[in-house]
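Peer 1: next come a sequence and a model predicted from it.
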Amino acid sequence: MNEPKPNGWDLAVDGMNTAAAHADRVSPDWSKEALTHFKMYLLHHGDKPFMTEDVRDYAENNGMEPPPDRRAWGAIAVQAKKLGWVRSLGYAPQKSTNAHRAPKNLWERVV
């Protein structure tokens, strides 16, 4: 029998999780530290909408080592959503120049 093709979201989550697992192999507890920085960002940022790249910039400006692949941050954002810390407001163009304004999730703090 033919197996169903994975949908785009499943492939995206697989890619994010693979990137996060790689980051944890390179730097043990990278994901745990990233989630802590995500929570700190929420506490300091207020109620303004934000993107995952804003959290990443905050973390790296506060001494966190960047992961080998920035997609690892996507896994952290998904985890924050599952924890009920944030919810999606839809999409906005990414600010990073290398992303060519590709649409990415726009988040708002829930907690």
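Peer 2: Structure received. Residues are numbered from 1 along each chain as shown.

Peer 1: elements contacting the helix ranked longest in the chain?
Peer 2: Taking residue count as the measure and DSSP state H as the definition, the longest helix of the chain comes out as helix 8-26. Using 3 or more C-beta pairs under 8 Å, 6 or more residues apart in numbering; DSSP states H and E as the contact test, the elements touching helix 8-26 are helix 30-45, helix 72-82. C-beta coordinates here come from the backbone N, C-alpha and C atoms, glycine included.

Peer 1: state the mean pLDDT of it.
Peer 2: Helix 8-26 comes out with an average pLDDT of 87.

Peer 1: show me what the closest residue to Tyr91 other than its chain neighbours is bridged to.
Peer 2: In space, Tyr91 comes closest to Pro103 once its chain neighbours are excluded; the distance is 4.0 Å by C-beta to C-beta, 6 or more residues apart in numbering. Listed beta-bridge partners, Pro103: Pro93 (assigned using DSSP bridges).

Peer 1: Pro103 - how many residues pack around it?
Peer 2: Applying the criterion other C-beta atoms under 10 Å, we find 11 residues in the vicinity of Pro103.

Peer 1: measure it to Thr18 for me?
Peer 2: Computed as C-beta to C-beta, to the nearest Å, the Pro103 to Thr18 distance reads 22 Å.

Peer 1: what do you get for Pro6?
Peer 2: 14 Å.

Peer 1: higher neighbour count, those two?
Peer 2: More neighbours surround Thr18 than the other of Pro6 and Thr18, with 14 against 11 (other C-beta under 10 Å).

Peer 1: and that one, how close does it get to Ser31?
Peer 2: Between Thr18 and Ser31 the distance is 12 Å, computed by C-beta to C-beta.

Peer 1: same check, this time on Gly63
Peer 2: When C-beta to C-beta is applied, the distance between Gly63 and Ser31 equals 16 Å.

Peer 1: of the two, which one has the most company?
Peer 2: Ser31 (20 against 8).

Peer 1: count of neighbours near Asn7?
Peer 2: By other C-beta under 10 Å, 9 other residues sit near Asn7.

Peer 1: swap in Asp14?
Peer 2: Tallying neighbours of Asp14 according to other C-beta under 10 Å, which is how burial is gauged here, yields 11.
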